[in-house]
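Engineer: Got a sequence here, can you model it:
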Amino acid sequence: MNDQITVCGHVATDPKHHRTTSGLDITSFRLASQQRRYDQKQGSWVAQETNWYTVSAFRGLATASATSLVKGQRVIVLGRLRIRDWEQGDRRGTSVDIEADHIGPDIGWQPKGSGEAPVRAGANPAPAASESTGSGTGEWASAPPQDTPF
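Structural biologist: Alright, predicted model coming up:
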């Protein structure tokens, strides 16, 4: 199976990085993806089942993942889905793996207690000190192009 998949979820284990004898960098971690739905009767969001994936990254993406990702971080993973049956003694199961092509932070989510609210589409966030014009007015050093679709 060589299906493309995009999954949003939380890094559930500390990323494990190793290098093969041939020099190939590999980083892997477990990803937990949980859907939620709004329950009108309860007036709150209700968690649904959690899907679990083993994510593997190779070469440069492996090195970047090993140094950038932390357990609990919300990420978006794009890659190739691999579903495999396995046997170990009298135990059998199915593993669902993603060979990652891209991994990035889900910036729509902020960790609890970070003190920062997610930036909404169309909002103009305050610039970081390094991004300001230096005039002290809090304006962006350059405005985004007006013809962009986002």
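Engineer: Show me the helices in the chain, by range?
Structural biologist: Counting by DSSP state H, the chain has helices at residues 59-68.
Engineer: in it, which spans are strands?
Structural biologist: With DSSP state E, the ranges of strands along the chain come out as 3-11, 16-19, 25-39, 44-58, 74-88, 91-105.
Engineer: who wins for proximity to A66 among those strands?
Structural biologist: With Cβ to Cβ, the closest approach to A66 among the strands of the chain belongs to strand 16-19: 3.6 Å. Glycine gets a C-beta too; all of them are placed from N, C-alpha and C.
Engineer: I'd say G93 and W52 touch.
Structural biologist: No. G93 is beyond contact range of W52, at 11.5 Å (criterion: Cβ atoms under 8 Å).
Engineer: So between the two, which is more surrounded?
Structural biologist: Per other Cβ atoms under 10 Å, whichever of G93 and W52 has more neighbours is W52, with 14 against 9.
Engineer: which residues do G93 and W52 both contact?
Structural biologist: Common neighbours of G93 and W52 are not found (criterion: Cβ atoms under 8 Å, 6 or more residues apart in numbering).
Engineer: Mean pLDDT added to the strands of the chain, as CSV?
Structural biologist: Output for those, formatted as CSV (pLDDT from 0 to 100):
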stretch, mean pLDDT
strand 3-11, 94
strand 16-19, 96
strand 25-39, 92
strand 44-58, 92
strand 74-88, 94
strand 91-105, 94
